[in-house]
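Engineer: structural data only, the sequence is not supplied:
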Ligand SMILES: Nc1ncnc2c1ncn2[C@@H]1O[C@H](COP(=O)(O)OP(=O)(O)OP(=O)(O)O)[C@@H](O)[C@H]1O
């Protein structure tokens, strides 16, 4: 699979992991903007370096994990404190190691955190820099541990405390979390534990200049390129366009099909939305995008529209960039679909 230009993002992340850890980094962006692909590229390019040890957990691969599954995903029984992940041998990424007789049942959160700390410290003791990356971290949201009489403890909230300790307090380990769930980023952004302890990096749509260069390299003519530039925003759209061209489907046909599919999807979504949502309000929100591709969040995030906005964000019609205070469709194709539906 060809990797398309993401120089700026690659350089940022490659440099970031080599700086001293100081805060948790949240990498966010519209659905399918290429967050994981860029992150994997960073790992691929840097994991050959002896001094960096990547712990990479891709929760996208799993159905929402239970507590037991979380433990199995994150830990491996071994006599080593950290070891190569057998399932990802080509990437050279590691997992946390726990002793053979480690009992995954009846664990407290402190036991779990002790093991993470031991692994991180073992890497540091070996003179290397640990980098912990979790893709779609929000999937751990519903896991709770017994708080020994003090009520259940949320794994995710407690993990944030540990991450702050590992980054901002002890500068031991980078922690990078990827997510396309922007309502989750919104929660994080308002979370008091993470105030002054987290940073955000947006991996957005491809820039027009990059799209132009890629299409030129791929042999599209000027007329096709100029047509595409009005519609393309996501990397996989380019791969699909290339395949379709090989299959004899023109650029115009492909793009029209995409818009139709998205418009039909949106109509279906509205027709089948939960009864407590108001169709007029959905239309009021979508109408804001009639002449504008981006809208300031305060124009839409109002008390009486909040349920409908959330619905459109959760269903990946709209992308909410809470850091920059902007709401826009998840792709330019989605924008055209919205304009067709309203
Ligand atoms: N720079 C790139 N070059 C080539 N293909 C890419 C690039 N970035 C992403 N893709 C392709 O686009 C699709 C989506 O990419 P990816 O899964 O990385 O996006 P994501 O933002 O992590 O998605 P999600 O929002 O679902 O978490 C994949 O098929 C991937 O191969």
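Structural biologist: Everything's here; your move. Computed from a predicted structure; not experimentally measured.
Engineer: under the pLDDT cut-off, which ranges of the stretch 1-150 of the chain? List them.
Structural biologist: Scanning the stretch 1-150 of the chain for pLDDT under 70 picks out the ranges 1, 148-150.
Engineer: can you map out the helices along it?
Structural biologist: 7-16, 35-46, 67-74, 109-125 (DSSP state H, counting those that start in this stretch).
Engineer: pull the residues that contact the helix ranked longest in the chain.
Structural biologist: In the chain, assigned by DSSP state H, the helix with the most residues is helix 251-271. Applying Cβ atoms under 8 Å, 6 or more residues apart in numbering, the external contacts of helix 251-271 come out as 220, 224, 227-228, 231, 237, 240-241, 244-245, 279, 282, 315, 317, 333-334, 336-338, 340-341. Bear in mind the C-beta positions are built from the backbone N, C-alpha and C, glycine included.
Engineer: and what of stretch 219-228?
Structural biologist: With contact meaning Cβ under 8 Å, 6+ apart, stretch 219-228 is reached by 211-212, 215-216, 241, 245, 251-252, 255.
Engineer: CSV for the residues you listed, including pLDDT and distance to residue 298?
Structural biologist: Formatted as CSV, these follow (pLDDT from 0 to 100; distance: Cβ to Cβ, whole Å):
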residue, pLDDT, distance to residue 298
211, 94, 31
212, 94, 34
215, 93, 36
216, 93, 40
241, 94, 36
245, 91, 42
251, 95, 38
252, 96, 38
255, 97, 33
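Engineer: which one of the residues you listed is nearest residue 19?
Structural biologist: Nearest to residue 19 among the contacts of stretch 219-228, counting by Cβ to Cβ, is residue 211 at 30.3 Å.
Engineer: not counting sequence-adjacent ones, nearest residue to that closest one?
Structural biologist: Excluding its sequence neighbours, the residue lying closest to residue 211 (Cβ to Cβ, 6 or more residues apart in numbering) is residue 232, at 5.3 Å.
Engineer: neighbours of that neighbour, just the number please.
Structural biologist: 25 (other Cβ atoms under 10 Å).
Engineer: please identify the buried residues of the helix or strand just after the longest helix of the chain?
Structural biologist: Downstream of helix 251-271, the next assigned helix or strand under DSSP states H and E is helix 279-287. Within helix 279-287, the residues scored as buried using 16 or more other Cβ atoms under 10 Å are 281-282, 284-286.
Engineer: a markdown table for those, including pLDDT and distance to the ligand?
Structural biologist: Formatted as a markdown table, the buried residues of helix 279-287 follow (pLDDT from 0 to 100; distance: Cβ to the nearest ligand atom, whole Å):
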| residue | pLDDT | distance to the ligand |
| --- | --- | --- |
| 281 | 96 | 26 |
| 282 | 97 | 23 |
| 284 | 96 | 27 |
| 285 | 97 | 22 |
| 286 | 97 | 22 |
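Engineer: how many other residues sit next to residue 126?
Structural biologist: Neighbours of residue 126 using other Cβ under 10 Å come to 13.
Engineer: what does this structure put close to the ligand?
Structural biologist: Within reach of the ligand by Cβ under 6 Å from any ligand atom, the chain has these residues: 1-4, 6, 29, 31-37, 180, 235-236, 239.
Engineer: the residue in the stretch 1-150 of the chain that the ligand sits nearest to: how many residues sit nearby?
Structural biologist: Using Cβ to the nearest ligand atom, the single residue of the stretch 1-150 of the chain nearest to the ligand is residue 34, 2.7 Å away. Neighbourhood size, residue 34 [other Cβ under 10 Å]: 22.
Engineer: with residue 31 instead?
Structural biologist: 14.
Engineer: among the contacts of stretch 219-228, the buried ones, what's the ChimeraX command?
Structural biologist: Buried members of the contacts of stretch 219-228 can be picked out in ChimeraX with the line below, counting by 16+ other Cβ under 10 Å:
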select :211,212,215,241,245,251,255
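Engineer: contacting residues for the nearest residue to residue 131 once chain neighbours are set aside?
Structural biologist: With Cβ to Cβ, 6+ apart as the criterion, residue 131 has its nearest non-adjacent residue at 4.4 Å, and that residue is residue 174. By Cβ under 8 Å, 6+ apart, the residues touching residue 174 are 16-17, 21, 25, 129-132, 167.
Engineer: distance check, residue 174 against residue 107.
Structural biologist: 25 Å (Cβ to Cβ, to the nearest Å).
Engineer: do the same with residue 31
Structural biologist: As for residue 31, its distance to residue 107 is 34 Å (criterion: Cβ to Cβ).
Engineer: so of the contacts of residue 174, which ones are in strands?
Structural biologist: Taking DSSP state E as the definition of strands, the contacts of residue 174 contribute 25, 129-132.
Engineer: output the residues you listed as JSON lines; include the columns neighbour count.
Structural biologist: What follows is the ones in strands among the contacts of residue 174, written out as JSON lines (neighbours: other Cβ atoms under 10 Å):
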{"residue": "25", "neighbour count": "21"}
{"residue": "129", "neighbour count": "19"}
{"residue": "130", "neighbour count": "23"}
{"residue": "131", "neighbour count": "25"}
{"residue": "132", "neighbour count": "25"}
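Engineer: that'll do, ta.
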